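# only geometry, no sequence info:
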């Protein structure tokens, strides 16, 4: 149609041609063939430009092709977690994953040559083949740093792109794994403090889109990463040295209830939590319950002294094993004589402790253990908290075994919390993983013991380290006081004689306790054949190492020249 | 044909159009600059995050301990014992004066510690 119109135009133009400035050769000669040729040429050009114009209009209406690649996986921002000194424990880092769309790559060779300038270790051939495939999408490299991303962007290669991903990163790796917990692929907290943070309302904030990275303040914990590392390191060594199946420890501020460090081994690397859900990786300190053994004698002794029914100078007959029904209570290191209260404590006499407990009515015994929080589920920030188990109603045999730590299973963390009440002047303070000042602690502290009983307990703890089973826990200058516990584990419903659960409960400096340290070792083996594997031989040295290494970092000044007689005098 | 006022008005109109065009063009340029800067800030922020994480990895107590174990012999490193920690008031009076005597000495008499660390060269 257009060609016809042009022909018409020419026909009209023909008579004017001689006068026109521009003379068409074909028109002048009147040669029809030349004119046809001209018309055809013009037609071809018109067609050509028409096609291009049409294509342009078509492209103009076309929606620009989709941004390509998989839909961006929008992971939520989380606040940084820092320790009590502001050291980073967990952070979000933005990483970029590089992808290519081979169909859009113009020149694979050129693209790779340019990429090599930024990523020198890229595999040339493999990448080349991937870029020459017909696939719509291939990943080239995951987790690039922002710097690398900017450099690749500047290369201006067509057909490649980035996906930004928020990734949770724990610089300390497994050091504080059980405290930090875990996040899932959407950066939601699913365990530990990460879950606690979400429960504070971060999840709601995120729903309405307010959880902006810049708006989130760092979340501070009461943990000290240096002490945490020391505890973790010492427990790792102890696990190797004594071939245990598990180990755990906690360092607690005796005055505020803050958890300074807590570790449970075996653990996992939160950066790559492939085995976080294995059965043996549970957090034993707060999520596992154990019969704590002789460390309970401290609580029984405190109860007996606090009730007024027993005086520290009283004597109890530990010559004969105690028979209750069909059970016989014996001593592990029997002295076979009448023992005073401090002697019962330092020789860890089961018979003596049981006789001492029997001076107090059973209900009172149970009520006291409940009061110091050993029988109920404790409340703290960590979601992984186990409920202690024990008999509903205490019979005579129950209270006797419970008096020396068998028959009630409780979490090591709450044992440490109860112990801090024994030594800090008699106030029970709930444990916390968040910073807490002394005044905040005082607000919620519950008095459970008289200060006088607490002073007597400090004396007994110290005496046990000076003369009793805890000698290997001593650190000159830091006045460690503590109680060993070697519990026999229940295997197939019976107490086994060769499988033990060892604990050492200690406080330092014990004349004015600032920190409580509890270390547990599950099934320690003798270091050398023929040696024992009691708590004094394995958990006590671990506590000693932890105290020696961490006390200077915690600002505890060593003191020399103390006389323990002075300590004794202060209790009278 | 044209009156002077017409000429002036046309001039003003052309100038206004020119101005508008320039302002719009400049604004677009600025906007582009703002976008570029915003992207840069974002990149820098992300880089800072990565660098803080890096620093934290490098100063992890567990890493430092490994380094100490490796270089303990070379740098003569020893753990601190409790009896090496004290405050100034623990020292007897005469010992405290020694500090003043030492600082009063001319510097050439000062003893140089020949143990070299990575950070300090003497």
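Great, that's in hand. Since we're looking at a predicted model, the values are computed, not measured.
# and residue A:264, that one's in a strand?
Yes. Under DSSP: H, G, I helix; E, B strand; the rest coil, residue A:264 sits within a strand.
# the top helix by length along chain B and chain A in contact?
In chain B, with assignment by DSSP state H, the single longest helix is helix B:4-58. Yes. Using Cβ under 8 Å from any Cβ of the partner chain, helix B:4-58 reaches chain A at B:43, B:45-47, B:49-50, B:52-53, B:56-57. (C-beta placed from N, C-alpha, C; glycine too.)
# show me what from the stretch 1-150 of chain A comes close to chain B.
Neighbours of chain B within the stretch 1-150 of chain A, by Cβ under 8 Å from any Cβ: A:87-88, A:91-94, A:145-147, A:149-150.
# between the residues of helix B:4-58 next to chain A, which is nearest residue A:313?
Using Cβ to Cβ, residue B:56 comes nearest to residue A:313 of the residues of helix B:4-58 next to chain A, at 54.9 Å.
# the closest one and residue A:171 touch, don't they?
Yes. Applying Cβ atoms under 8 Å as the test, residue B:56 and residue A:171 come out as touching, 3.7 Å apart.
# overlap in contacts, these two.
A:88, A:91 (Cβ atoms under 8 Å, 6 or more residues apart in numbering or on different chains).
# surely residue A:343 is in contact with residue A:331?
No. If you go by Cβ under 8 Å, residue A:343 and residue A:331 don't touch, sitting 11.6 Å apart.
# before we move on, the earlier item: how about TSV for the residues of helix B:4-58 next to chain A, with neighbour count and pLDDT added?
Converted to TSV, the residues of helix B:4-58 next to chain A look like this (neighbours: other Cβ atoms under 10 Å in any protein chain shown; pLDDT from 0 to 100):
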residue	neighbour count	pLDDT
B:43	16	83
B:45	14	85
B:46	22	82
B:47	18	84
B:49	19	86
B:50	18	85
B:52	15	89
B:53	19	89
B:56	21	91
B:57	15	90
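# check those against residue A:164 and report the nearest one.
Distance to residue A:164 across those (Cβ to Cβ) is lowest for residue B:46, with 8.5 Å.
# spatially nearest residue to that closest one, not counting backbone neighbours?
Using Cβ to Cβ, 6 or more residues apart in numbering or on different chains and skipping the chain neighbours, the partner closest in space to residue B:46 is residue A:146 (3.9 Å).
# immediately after the longest strand anywhere in chain A, which helix or strand?
With DSSP state E setting the assignment, residue counts place strand A:494-508 as the longest strand in chain A. Counting by DSSP states H and E, the element after strand A:494-508 in chain order, helix or strand, is strand A:515-522.
# now the helix or strand just after that next one and strand A:494-508, what's the angle there?
Elements were assigned by DSSP H and E; along the chain past strand A:515-522, the next helix or strand is helix A:535-550. Interaxial angle of helix A:535-550 relative to strand A:494-508 (axes from the mean of the first three to the mean of the last three Cα atoms, to 10 degrees): 30 degrees.
# near chain B, anything from helix A:535-550?
Yes. Helix A:535-550 is in contact with chain B by Cβ under 8 Å from any Cβ, via A:548-549.
# contacting residues around the nearest residue to residue A:418 once chain neighbours are set aside?
For residue A:418, ignoring the flanking residues on the chain, the nearest one in space by Cβ to Cβ, 6+ apart is residue A:372 at 4.3 Å. Residues near residue A:372 by Cβ under 8 Å, 6+ apart: A:299, A:418, A:421-422, A:428, A:448-449.
# apply the buried test to the residues you listed and list what passes.
Buried residues within these, defined by neighbour count using 16 or more other Cβ atoms under 10 Å in any protein chain shown: A:299, A:418, A:421-422, A:428, A:448-449.
# among the residues you listed, name the ones in strands.
Members of the buried ones among the contacts of residue A:372 lying in strands (criterion: DSSP E): residue A:428.
# from the buried ones among the contacts of residue A:372, which is closest to chain B?
Closest approach to chain B among the buried ones among the contacts of residue A:372 (Cβ to the nearest Cβ): residue A:422, at 24.7 Å.
# separation between the nearest residue to that closest one once chain neighbours are set aside and chain B?
Using Cβ to Cβ, 6+ apart and skipping residues adjacent in sequence, the residue nearest residue A:422 is residue A:457, 4.6 Å away. Using Cβ to the nearest Cβ, to the nearest Å, residue A:457 is found at 24 Å from chain B.
# please name every helix or strand in contact with the helix or strand hosting residue A:457.
According to DSSP H and E, residue A:457 maps onto helix A:451-467. Here helix A:451-467 touches helix A:296-307, helix A:341-346, helix A:412-423, strand A:481-491, strand A:494-508, helix A:564-571, going by 3 or more Cβ pairs under 8 Å, 6 or more residues apart in numbering or on different chains; DSSP states H and E.
# hmm, back to that, chain center to the longest helix of chain B, what's the gap?
Centre-to-centre, helix B:4-58 and its host chain are 28 Å apart (Cα atoms, centre = their mean, to the nearest Å).
# and it, what other elements does it pack with?
Short answer (3+ Cβ pairs under 8 Å, 6+ apart): helix B:4-58 packs on strand A:88-100, helix A:146-155.
# low-confidence ranges, chain B, go.
Scanning chain B for pLDDT under 70 picks out B:1-2, B:95-96, B:105-122.
# point me to the residue of the stretch 251-400 of chain A nearest chain B.
residue A:271 (10.4 Å).
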